[in-house]
Each structure stands twice: as C-alpha cells, then as structure tokens.
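A.B. asks: got a structure for you, letters missing:
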C-alpha cells in the first residue's frame, strides 16, 4: 500500500482536478447577471448547514463527474469526467444560453479560474486575456509562481494565495504563501504565519475576494480524519495577521479526507471534496472523492464574536487539552488550536483574557505551569522546578493569584502531593504547607475546594481556608475522589469518584449531602466542569478501543441526562465563566 505521504502528494495533484481556490467574490446577483437560482446549479436542491453530495445528473448522468468551476457570471461550467468510457480524464464545458443549459462539449481548457470582471482567465501558472476574437495565447504570470503547486486563489485586488512545496522549507509537507499586487506588478512572495503553516500536507487555499478569511486543507493532530478543512479570519486589515486557525468542525470534516475548498461566485455555497483512498488487489491505491456543497453561512458561524474579542473570549468558551491547548464552541462543532505539545489542564482567568495550563519538559520528568493570552500569544513559563509535576492550575476570583498542585517522588520513592500559590506573574511561589492534595478550585467565598490526602486514604473532597486552616472533609471513602468544581450558584459540587470500582462523575450538595452518581460508563471519567448557567456538566472520558486509548469530551445535563460526545481526542475541559469585575 502507498505510504500516507506519497498518497497525500498524489491527492495534491488530484485536488487540482477538483478546481480549488477560485477567484470568487461574495456579492449579490444584482451585481452579476447570474442565471436564476433554480437553474444556476443545474436544478439541484440547495443544501443547508449540513453538506450534501453535489452530483447533478445534467453533467454526471453516469456518476462520472469529478468536479468543476463556474465562469465569473456562472453561465459557463468547466468540469471533468473520469472512469467508465472515459479512461483518461476528459474536460468539458457547458453553457447557459437562451435561459437554459445547453449540451456539454469537450474542451481543451483545463481547470480555469476567472477574474472578477471576467476578462482574464487563469490556467495554471499562466493567464489569458479576453479579446474580440476569443482568448489570447497563454501569458506567464511571472517568476513568483515557479514553486506553486497544489492549489491557489486570488483576491479582488490581485493578491495571490498559493501552496508551495519546497524541500528547503522547514515544513516539507507544503506551505502557504501570498504575493501582493501593487503598482502594476507582483511583489516578493511572503510565507503565511506559523499558525497557518502548521501540520502536514498543507494545500489548496481559498482566499475570500475581500481577503477577510482563508480556508485550506491540512492534516493536524486533533483532526477528524486524514485531512480537514480549516479557516482563519483576517485581523484588523494588518498584513499577514490572522486569527488562530479553526477546524471547521464535524459538520464539515469527517473520518474521511476533506480538501479543495471554494466558495461560489454568488457567495452562496462552499464546495469541497470528500473522499478516501481505496486499495486494489495488487496493493496499490487510488483516490475516490466526490464534490460536496454546503450553505456558505457556515463560515459566519465560525467567525469570532467581535463583541467579545477584546476580552480574549470569543465564540469558543471551552478550553481543553489535545496534544496542546485547544478551544471549542459550546456545541463542540468547531475548534481552535492555541498550542502544540504536551500541554493540559487549561484554566480561564476570571476576565477571559488569559489561560493557565501545564506543559511537559525533560521527556515528561518536569511539568511546569504556564500562562498565555486566550488567543495563544504572550506565552510565559511560570514554574521551573525540575523533576516535579506542577499541574491543575486555577485562578483566584480576582485573577491576581494562581493555585496549583505539585506532585513528586522523594528519594525513597514515596509520593508527595502539595498545593502551592503564586502571583499571576509567577512571583512569590509559596507552598500551602498544611494542605496535602491537588485539583484546587475556588469557592464563592474565597475558600479552597480540593481533593485532600488524609487518613492514609486515596483522597477525599475537602474545603479549606487559603492559608490551609479550617479543613472540612465532605466525602469519606476508601477510593480516590478528585477534580471537585463548585456550581455557579454555589449550591452543588461535581467531582470524580472511584467508589463504585470505576472512575465516574458524581454531584453532591455543598455540605456533602445527597451524593449522587451521574455517569455509568465503561471508561474512566474525570475533570468535570460546569456550564456558566449551571445546567450542564462537561467532562472527559478515557476508553480502550481495539487496544488503543481514546479520550473524548462529553456534555450532559446536571442530572446526568442527555449525555453526548462533544469533541474526540480531548481531555481536561474548562468552561469559561465570567468572574467578578
């Protein structure tokens, strides 16, 4: 069977077949004399916010349609067929004339794109100009496209966005570049920032005509399949300044391979290819992919909320670990990756501007507490003690301090579980010496809620003053009990307990009464956190499937009902809840 790397390189070529990265501008039909909507897409029923197969019988009577591209006025459609009677890929054009689509005919024009005014046709690294006698001979775009491969797109102002494969790049799996057009010529190409150029097999960019967003396909950790579609939004009209990339979510992406995005010239629909590699009897593979379409309104559902952007909290209030720190919306349908690496236990600051988390060093021998802005910038390492596991940070209600656990083994092999406090900038690190345990969080009155080690037991849910005095134990079991979190109204505590032989999520009143089990899973549940309104609980669950460990984040009502998976390959969730001013 082909290696994954070789298979993706082949797919990059195949992506060109599906005509990615067009020059499409979102504008109303009043600005273009488009065919009527009922005719525009060959009579196909338009999709909603769930992608559907695009395989119109008019151009695909035998299901051999691969993909296609409209001209700028959407009255010409250039497309390809393959297989069946078409042993080789065959190119066609069909035209809308006299209020109906005519008969398709073969053409020598391969995979064209068009300028906004329809007077320029782009084919590969060349272009043609419309003349009185038809299209001119091909004209080279210039030296800047010499390394272009695997998709490109162009803005209304003429700026190119394109994929490049250069061995001298650090990312040999492809990179995205842009090349501005100014004063009648193209400037030097610029590599897009590292947030965008992260992952494997980066290809097929689609740039919005007004340069407000960029969509591309890439394979990243935490994705849904072989390759997923990601989107990033331009920030403040600043050159090469983009919001953290967002996985377009499980509504768009699947366990298969999504690639080759484009938005139609009328701005109504997002097209992309969904497919997979199929193995032949001789062990070789071939790619089978089909074009899908979805309402372009899905793009706006992923755009960060401008009213909350200044506080660092956008439309993604749930932070979690997934080989790095990620954010997701409250439905779990869209994600943002902020960091890459062995990071976990994210905790929101009360104002939502910062996140605290832990990261591994020395091959996992040392864990340290970090903070960063909620967009992933301004990352700082706060603790540096070697061979200690600093973990589970939490902010004080006023955001001035961070409490965290520190676990380690002494020379005799005995484990120690300490609680420490420090200022939010990492200064004045002090052990709360009278407390032993971990998993700290704050009660509304400023007391510390944590799991304590006492009476030679595994651990119990306890409350203490911040100075370590006035300890109250709420549970009293032989089994381990961790991760306590107080409800927003201060009346209930959710926590993990192993009292029934398996790690499950429980809830109890704030005085320790009415302890109730909520989950009954085969896996190991933990890390519960409340929704801001206190009606739901999010937690992670670890299960064994086919000999491999699977971690996922789940959500349920506070009584344990309506349980569903939110995000796979995720753990240790934290739901932002606005703190006091």
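C.D. replies: Looks like it arrived, so ask away. A quick note: this is a predicted structure, and the numbers were derived from the prediction, not measured.
A.B. asks: partners of the helix or strand in which residue 451 is found, with directions?
C.D. replies: Taking DSSP states H and E as the definition, residue 451 sits inside strand 448-452. Strand pairing for strand 448-452, using DSSP bridges, gives strand 430-442 (antiparallel), strand 460-464 (antiparallel).
A.B. asks: tabulate these (CSV), appending mean pLDDT.
C.D. replies: Putting the strands paired with strand 448-452 into CSV (pLDDT from 0 to 100) gives the following:
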stretch, mean pLDDT
strand 430-442, 95
strand 460-464, 96
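A.B. asks: out of those, which is closest to residue 389?
C.D. replies: Of all these, it is strand 430-442 that lies closest to residue 389, at 9.6 Å by CB to CB. Any C-beta I mention is one placed from the backbone N, CA and C, and that applies to glycine too.
A.B. asks: the helices in the stretch 201-350 of the chain, which residues?
C.D. replies: 297-302 (DSSP state H, counting those that start in this stretch).
A.B. asks: for it, just list every one of the strands.
C.D. replies: Counting by DSSP state E, counting those that start in this stretch, the stretch 201-350 of the chain has strands at residues 213-219, 228-233, 246-247, 257-263, 269-279, 285-295, 318-321, 325-328, 335-337, 343-348.
A.B. asks: list the contacts of stretch 248-255.
C.D. replies: 49-51, 215, 223-225, 228-231, 247, 258, 272, 274, 294, 298, 302, 332-335 (CB atoms under 8 Å, 6 or more residues apart in numbering).
A.B. asks: next one: it to chain centre, how far?
C.D. replies: Here stretch 248-255 is found 10 Å from its chain centre; the criterion is CA atoms, centre = their mean, to the nearest Å.
A.B. asks: quick one: terminal-to-terminal distance for that stretch?
C.D. replies: 13 Å (CA to CA, to the nearest Å).
A.B. asks: stretch 529-541 now?
C.D. replies: OK, stretch 529-541 end separation, CA to CA: 13 Å.
A.B. asks: in it, which residues are buried?
C.D. replies: Residues 529-531, 534, 536-541 are the ones in stretch 529-541 that count as buried (16 or more other CB atoms under 10 Å).
A.B. asks: what do you get for stretch 485-501?
C.D. replies: For stretch 485-501, a neighbour-count test (16+ other CB under 10 Å) marks 485-488, 492-499 as buried.
A.B. asks: please report how far residue 147 lies from residue 162.
C.D. replies: 9 Å (CB to CB, to the nearest Å).
A.B. asks: which of those two has more neighbours?
C.D. replies: The neighbour comparison of residue 147 against residue 162 (other CB atoms under 10 Å) goes to residue 162, with 26 against 16.
A.B. asks: now that one: closest residue in space that isn't a chain neighbour?
C.D. replies: Distances taken as CB to CB, 6 or more residues apart in numbering put residue 152 closest to residue 162, at 3.5 Å, once the chain neighbours are dropped.
A.B. asks: what is the burial count for that neighbour?
C.D. replies: The burial count for residue 152: 30, using other CB under 10 Å.
A.B. asks: over to it. Which of the three states is it?
C.D. replies: Per DSSP: H, G, I helix; E, B strand; the rest coil, the secondary structure class of residue 152 is strand.
A.B. asks: got the confidence number for it?
C.D. replies: Note on residue 152: pLDDT of 87.
A.B. asks: give the contact list for it.
C.D. replies: 21, 145, 160-163, 205.
A.B. asks: ok, which of the strands paired with strand 448-452 comes nearest residue 196?
C.D. replies: Going by CB to CB, the one of the strands paired with strand 448-452 nearest residue 196 is strand 430-442, 35.3 Å.
A.B. asks: give me the angle between the closest one and strand 343-348.
C.D. replies: 70 degrees (axes from the mean of the first three to the mean of the last three CA atoms, to 10 degrees).
A.B. asks: start the count at 260, not 1, going forward
C.D. replies: Let's use 260 as the start, then, which means that last one is strand 689-701.
A.B. asks: report the buried residues of strand 689-701.
C.D. replies: Here strand 689-701 shows 691, 694-701 as buried, counting by 16+ other CB under 10 Å.
A.B. asks: wait, residue 327 touches residue 335, no?
C.D. replies: No: Residue 327 is beyond contact range of residue 335, at 9.9 Å (criterion: CB atoms under 8 Å).
A.B. asks: the more surrounded of these two?
C.D. replies: residue 327 (25 against 20).
A.B. asks: and that one, its phi and psi?
C.D. replies: Main-chain dihedrals, residue 327, degrees, to the nearest 10: phi -160, psi 180.
A.B. asks: nearest spatial neighbour of it, skipping sequence neighbours?
C.D. replies: residue 338 (3.0 Å).
A.B. asks: contacts for whatever helix or strand that neighbour lives in, please.
C.D. replies: Per DSSP H and E: residue 338 is located in strand 335-342. Strand 335-342 is contacted from outside by 276, 278, 318-319, 323-330, 347-355, 363, 366, 368, 370-371, using CB under 8 Å, 6+ apart.
A.B. asks: partners of that strand, with directions?
C.D. replies: So strand 335-342, judged by DSSP bridges, has these partners: strand 324-329 (antiparallel), strand 345-356 (antiparallel).
A.B. asks: picking that back up, buried ones among the contacts of stretch 507-514?
C.D. replies: Buried members of the contacts of stretch 507-514, scored by 16+ other CB under 10 Å, are 310, 474, 482-483, 487-490, 506, 517, 531, 533, 553, 557, 561, 591-594.
A.B. asks: what are the bridge partners for the nearest residue to residue 555 once chain neighbours are set aside, then?
C.D. replies: Of all residues not flanking residue 555 in the chain, residue 529 sits nearest, at 5.0 Å (CB to CB, 6+ apart). Going by DSSP bridges, residue 529 is paired in beta bridges with residue 522, residue 553.
A.B. asks: out of the contacts of strand 335-342, which end up buried?
C.D. replies: In those, the ones that pass as buried (16+ other CB under 10 Å) are 276, 278, 318-319, 323-330, 350-353, 355, 363, 370-371.
A.B. asks: hmm, back to that, average pLDDT across the strand holding residue 710?
C.D. replies: 96.
A.B. asks: what does that strand rub up against?
C.D. replies: 662, 678, 691, 694-702, 718-725, 730, 732, 739-745, 752, 754.
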